[in-house]
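Undergrad: got a predicted model here, sequence first, then my questions.
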Amino acid sequence: MPIFKSSTLSICIAALLLTACGSGGGGGSADAGAAPSTSSTPAATPVVVTQTSSEAAEVKTEDLVAPEDFDFATQQTYSLTVTAPKAATSQQVRVYHNYVPAPAGSDSAYLADFQSLLASTRLTGDSLTLDLALSVTTQSLLVELWDATGAAPSQAIITLRDDTRTLEWSFN
């Protein structure tokens with residue numbers, strides 16, 4: 001029985017090797033004996049570009065110059081003051097950086113992306129100042145003033161400007 005298994009195995013291996021090797025014809029097509037085709041269009045002439053020694057000079061890092069006001073910072077700090085003169089002690093301020101217009105028939109003008117909440121704090125007194133570190137790509141904020149009645153919040157969109165880092169909003 002062991003002789004039968006080894007001879008069967010040898011035949012299978014030999015068959016696989018012969019199949020894998022192919023006929024050795026070099027991969028030609030059935031028309032291998034046909035004459036090569038000629039083209040009536042002339043061959044393209046190669047273009048050789050030579051560089052002068054000044055063009056081939058390498059630029060080194062120490063040779064690079066950045067403007068004096070260039071900044072690698074990805075965040076900017078803004079100071080946001082929210083004023084609500086008629087505020088009850090149970091009001092809360094929330095600030096978001098992602099929001100979308102609310103669908104028609106909604107109680108609010110905007111819908112906040114709750115994962116983009118930057119600040120949520122209780123309003124004590126009639127004003128609140130928050131220092132916010134924002135991405136340089138942030139263009140506006142949604143500020144909401146909530147009260148304990150469960151009514152829709154008062155909302156305001158504050159547009160960020162490059163010329164000031166102090167933002168103010170008053171809810172009346």
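TA: In hand now; what should we look at? Numbering: from 1, shown residues only.

Undergrad: and the helices in this structure?
TA: 2-21 (DSSP state H).

Undergrad: for it, which element, helix or strand, carries the lowest mean pLDDT?
TA: Least confident helix or strand, the chain: helix 2-21 with a mean of 64, by mean pLDDT, DSSP states H and E.

Undergrad: in the chain, which spans are strands?
TA: Taking DSSP state E, the strands of the chain run over residues 75-83, 92-96, 99-101, 110-112, 117-122, 127-135, 140-146, 154-159, 166-170.

Undergrad: nearest to L9, out of those strands?
TA: Comparison of the strands of the chain against L9 by Cβ to Cβ identifies strand 127-135 as nearest, at 66.4 Å. Any C-beta I mention is one placed from the backbone N, CA and C, and that applies to glycine too.

Undergrad: residue ranges with poor pLDDT in the chain?
TA: The model of the chain has pLDDT under 70 over residues 1-7, 16-57, 87-90.

Undergrad: one more time with 90
TA: Residues of the chain meeting the criterion pLDDT under 90: 1-74, 76, 83-93, 97, 101-109, 122-128, 135-137, 145-154, 161-165, 167-172.

Undergrad: circling back: rebuild the strands of the chain as TSV, extending it with distance to C12 and mean neighbour count.
TA: Compiled in TSV, the strands of the chain are given as follows (distance: least, Cβ to Cβ, whole Å; neighbours: other Cβ atoms under 10 Å):
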stretch	distance to C12	mean neighbour count
strand 75-83	67	16
strand 92-96	69	20
strand 99-101	66	13
strand 110-112	68	18
strand 117-122	67	14
strand 127-135	65	14
strand 140-146	72	20
strand 154-159	75	14
strand 166-170	79	14
